[in-house]
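A.B. asks: Sequence plus predicted model, see below.
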2 protein chains.
Amino acid sequence: MEIFIEPIGKLINEFSKLPGVGKKTAQRYAYKIIDMSESDARAFADAIIGVKRKVKYCSICGNFTEKETCEICSTRETDVICVVKEPKDVVAIEKLHEFKGVYHVLHGVIDPMDGIGPNDIRIRELLARLNDGKVKEVIVATNPDVSGDATAMYLARLIKPLGISVTRLAHGIPVGSEIEYTDDVTLTRAFVERNQL
Amino acid sequence: MEIFIEPIGKLINEFSKLPGVGKKTAQRYAYKIIDMSESDARAFADAIIGVKRKVKYCSICGNFTEKETCEICSTRETDVICVVKEPKDVVAIEKLHEFKGVYHVLHGVIDPMDGIGPNDIRIRELLARLNDGKVKEVIVATNPDVSGDATAMYLARLIKPLGISVTRLAHGIPVGSEIEYTDDVTLTRAFVERNQL
């Protein structure tokens, strides 16, 4: 005999598919749903369906949107484009309220080990956006890892000849942390990219 | 402008209602749903709806069931009843494959501080089950805290006069742990409930 009756077992199984959720946590989530009112559970289910039904990708930048073109592409200055790997990177940067330009979401980075080449991510779409001569700078904000760096180098080689400035986010010691506890790679980059005082 | 478009914000909000889930985790879960196929997301939503629609409480013991009477009540010996606070306690005990009797889920414990008296939990239903004279023992497996202990005492006072044995799960040092690190209350109970060797 199964310990859980079928509908509960099914829901636990679904919750287990979420990142970082094990059987025990999935079980707690399922109990919470059972304790909810019928209408609250319905709203939860509708939110899941709704996100699949309504969320599309912006035809210009590739970020999440409900319309053809996203809010950011329709309202902001287009002379600076910040290139990121995924839509969630846009969220992280938007939270700063620092960047006033537009984005370009690659939906991946070049990673030969995973068989992902330049044609598998949205590089062609990025180059097409640079054709009108209005873009002055492309900020490459891919992650500071091997594939993120490789993608940045690749983009720089393509874009610089167009007379557009290509920059990359600075690497270095995180603000508030200590030199003693900074990892070697980061500390090395902090030396290499040191600034004039 | 909101950082998240409406359907994503809504889903993050729903996930935030799960126990122990903050904004950041809810966000990760929402991205996972966005990455799912339409049919997988539909299955997830259906599991939520299904649990609310199909899960009922057993008319005898109060445990979760899809039918009128649960699997345990329909198939097992009824001479020993294990009394627990919540359905999830049944799951914890069933995992042991040790207990062969039936359960009675109180759906709460007596807790005057929270305004929960004996009539607010399923004590009347328990007493009704004892009327046929077949039950020989009632094992009270409420949690070893103030309200759990109080409920156990209350039940013992009601049930013992019926000539039915009332027992309580043993408290003591957890197997595999050390005396040095056992909390004072547990260690005290281990002394009080010490066994003859």
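C.D. replies: Structure received.
A.B. asks: And the strands in chain A?
C.D. replies: With strands called from DSSP state E, chain A shows them at A:56-57, A:64-65, A:80-84, A:102-105, A:137-140, A:165-168.
A.B. asks: CA atoms of the last one as PDB?
C.D. replies: What follows is strand A:165-168, C-alpha atoms only, in PDB (Å, rounded to 0.1, in the frame of the first residue of the first chain):
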ATOM      1  CA  SER A 165      32.000  50.500 -28.000                       C
ATOM      2  CA  VAL A 166      31.800  47.100 -26.200                       C
ATOM      3  CA  THR A 167      32.200  47.000 -22.500                       C
ATOM      4  CA  ARG A 168      32.000  44.300 -19.800                       C
END
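A.B. asks: how near is A:Y103 to A:E125?
C.D. replies: As judged by C-beta to C-beta, to the nearest Å, A:Y103 and A:E125 stand 12 Å apart. (Glycine included, C-beta is placed from N, CA and C.)
A.B. asks: Between the two, which has more neighbouring residues?
C.D. replies: Per other C-beta atoms under 10 Å in any protein chain shown, whichever of A:Y103 and A:E125 has more neighbours is A:Y103, with 26 against 16.
A.B. asks: Bridged to the more buried one, which residues?
C.D. replies: Following DSSP bridges, A:Y103 is listed with bridge partners A:C82.
A.B. asks: Do I have it right that it meets A:C82?
C.D. replies: Yes - counting by C-beta atoms under 8 Å, A:Y103 touches A:C82, with 5.2 Å between them.
A.B. asks: Which elements pack onto the longest helix seen in chain A?
C.D. replies: In chain A, with assignment by DSSP state H, the single longest helix is helix A:38-54. Other elements packing on helix A:38-54 under the criterion 3 or more C-beta pairs under 8 Å, 6 or more residues apart in numbering or on different chains; DSSP states H and E are helix B:6-15, helix B:23-35, helix B:38-54.
A.B. asks: most centrally placed residue in chain A?
C.D. replies: The centre of chain A sits closest to A:E86, judged by C-alpha atoms, centre = their mean, with a distance of 2.6 Å.
A.B. asks: And the residue of chain A closest to chain B?
C.D. replies: Among the residues of chain A, A:A45 lies closest to chain B, at 3.9 Å counting by C-beta to the nearest C-beta.
A.B. asks: Poorly predicted segments of chain A, please.
C.D. replies: Along chain A, the model assigns pLDDT under 70 to residues A:1.
A.B. asks: Next, the buried residues of stretch A:122-136.
C.D. replies: Under the neighbour-count criterion of 16 or more other C-beta atoms under 10 Å in any protein chain shown, stretch A:122-136 has A:122-123, A:125-126, A:129-130, A:135 buried.
A.B. asks: gap between the closest residue to A:L127 other than its chain neighbours and B:K67?
C.D. replies: Leaving out its chain neighbours, the residue that sits closest to A:L127 by C-beta to C-beta, 6 or more residues apart in numbering or on different chains is A:L158, at 6.7 Å. Distance from A:L158 to B:K67, counting by C-beta to C-beta: 65 Å.
A.B. asks: Those two - which one has more neighbours?
C.D. replies: With neighbours defined as other C-beta under 10 Å, A:L158 and B:K67 compare such that A:L158 has more, 17 against 13.
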